[in-house]
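Participant: take a look and give me a structure for this.
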Amino acid sequence: MRCTSLLCRISGSAAFAAALAAGPALHAQQPIQVFFSAVDGDGMPVNDLRAEEITVQVDGSVCKPTRFEEINWPVKLQLMIDNGPVHSDALRQLREALRLFLKELPTDMEITIVSTDPAPRFIYKAGTDRTKMLSSLDLMTPDSGAPKFIDAMAEAADRVDKDKKDKKEKGNYFPVLMMIGSAGLEGSNPRDYQIQKLFKQVGDNSITVHVVMQQNPNRSTDIASGTNQIEVGIRLTQGTGGRYEAINAETRLSTLLPEFARQIARSHARQSHQYRITCVPTSVGPPKQVMANTLRTGLSAALTVDGRIP
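Facilitator: Okay, the predicted model is just below:
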């Protein structure tokens with residue numbers, strides 16, 4: 001069994017155990033909080049588990065549960081779109097691919113749409129009205145300036161950070177940032193502390209990041225200058241369990257974007273039906289491993305410290 005980041009998925013017929021390395025937020029003899037998600041053989045979330053059906057262990061010792069809660073937090077998506085030179089000749093194709101993308105997402109998912117050139121700006125503010133959302137894509141116009149991939153990402157992460165702090169309980173949701181960017185000239189000019197702030201906010205708020213990076217092979221100078229957003233995009237997706245795809249032709253968007261949407265929809269189904277378990281370990285010293293077991297058959301489980309299932 002191999003785990004990436006703080007997440008490990010396993011399957012079993014009679015019994016299973018999900019394990020993760022204990023992060024710095026987990027301290028010995030202090031309450032430990034984990035999120036447990038399970039789906040049946042058909043991939044449907046299991047929402048009738050009881051506390052007595054799940055056993056949590058810390059370093060091999062039973063961790064007695066003090067709280068068992070059903071968590072039904074939604075996914076909220078911020079979609080950022082590069083409307084700069086790389087897409088100026090294929091804006092119609094981009095719009096159509098975006099319509100296919102939105103079609104695959106749950107109709108009740110809250111979505112924000114932002115263009116990134118010449119600066120991040122709202123096309124559609126957070127909402128669920130599909131008619132207005134689709135119409136807003138026609139408001140996206142091509143711009144000859146340098147798109148601001150990093151600025152848009154930083155602003156999106158900052159919105160999540162402020163939203164979760166301001167709304168308290170209403171801020172309980174799983175944020176997803178989806179960027180359709182380009183490997184051309186990057187208009188952002190961030191300082192090191194701004195990049196560090198971006199990564200910290202993404203980590204603190206359990207944000208999942210997905211990136212599609214478009215490049216135009218005929219613009220070799222711009223491609224060479226696009227290393228900043230490429231590096232940031234790769235690091236963000238790898239660090240959050242998201243997906244990074246580099247493409248050379250706009251025609252790929254019509255098949256690729258629906259793939260991303262279906263992945264986000266699957267994550268929404270899993271993340272919005274979980275159980276949050278709080279327990280107090282008996283072992284001495286910093287925990288090295290946390291495990292959850294159940295004997296209910298035919299399930300596939302995920303155990304995380306933040307509820308994020310990319």
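
Participant: please make it C-alpha for all contacts and neighbour counts, starting now.
Facilitator: Noted.

Participant: beta partners of the most centrally placed residue in the chain?
Facilitator: For the chain, T208 is the residue whose C-alpha lies nearest the centre (CA atoms, centre = their mean; 1.9 Å). Counting by DSSP bridges, T208 is bridged to V176.

Participant: let me see the contact set for it.
Facilitator: Contacts here follow CA atoms under 8 Å, 6 or more residues apart in numbering; on that basis T208 touches 175-177, 202, 237, 240-242, 308, 310.

Participant: for it, give me the pLDDT.
Facilitator: As predicted, T208 sits at a pLDDT of 97.

Participant: what's the distance between it and L177?
Facilitator: Remark: distance between T208 and L177 (CA to CA, to the nearest Å) = 6 Å.

Participant: check V34 too.
Facilitator: 23 Å.

Participant: now do the helices in the stretch 1-150 of the chain.
Facilitator: 91-103, 130-136, 149-167 (DSSP state H, counting those that start in this stretch).

Participant: actually the stretch 151-300 of the chain, not the one I wrote
Facilitator: Under DSSP H, counting those that start in this stretch, the stretch 151-300 of the chain gives helices at 192-204, 220-224, 227-240, 253-271.

Participant: hang on, the earlier thing: what's the closest of the helices of the stretch 1-150 of the chain to I113?
Facilitator: helix 130-136 (8.2 Å; CA to CA).

Participant: pretty sure P142 contacts A90?
Facilitator: No: P142 lies out of contact with A90 (CA atoms under 8 Å); the separation is 9.5 Å.

Participant: mind listing the shared neighbours of these two?
Facilitator: With CA under 8 Å, 6+ apart, P142 and A90 have no common neighbours.

Participant: now render the helices of the stretch 151-300 of the chain as CSV, adding distance to F68.
Facilitator: Converted to CSV, those look like this (distance: least, CA to CA, whole Å):
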stretch, distance to F68
helix 192-204, 23
helix 220-224, 51
helix 227-240, 26
helix 253-271, 16
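
Participant: pick out the shakiest of those helices, pLDDT-wise.
Facilitator: Mean pLDDT values for the helices of the stretch 151-300 of the chain show the minimum at helix 220-224, a mean of 43.

Participant: quick check: F149 touching G184?
Facilitator: No: F149 is not in contact with G184 according to CA under 8 Å; the separation is 10.2 Å.

Participant: neighbours around G43, how many?
Facilitator: Per other CA atoms under 10 Å, the neighbour tally for G43 reads 13.

Participant: return the distance of it relative to A51.
Facilitator: In this view, G43 and A51 are 21 Å apart by CA to CA.

Participant: picking that back up, which of F149 and G184 has more neighbours?
Facilitator: Using other CA under 10 Å as the criterion, F149 and G184 rank with F149 on top: 31 against 26.

Participant: more neighbours: which of P142 and A90?
Facilitator: Neighbour comparison, P142 and A90: the larger count goes to P142, with 19 against 15 (by other CA under 10 Å).

Participant: got any ranges where the stretch 51-200 of the chain has weak pLDDT?
Facilitator: 87-88, 168-170 (pLDDT under 70).

Participant: can you report how many residues neighbour Q214?
Facilitator: 23.

Participant: would you mind confirming that it is in contact with I180?
Facilitator: Yes: if you go by CA under 8 Å, Q214 and I180 touch, sitting 7.5 Å apart.

Participant: mind listing the shared neighbours of the two?
Facilitator: Counting by CA under 8 Å, 6+ apart, no residue touches both Q214 and I180.

Participant: next, the contact list for A97, please.
Facilitator: By CA under 8 Å, 6+ apart, the neighbours of A97 are 253-255, 257-258.

Participant: what sits against E245?
Facilitator: 211-213.

Participant: alright, that wraps it up for me.
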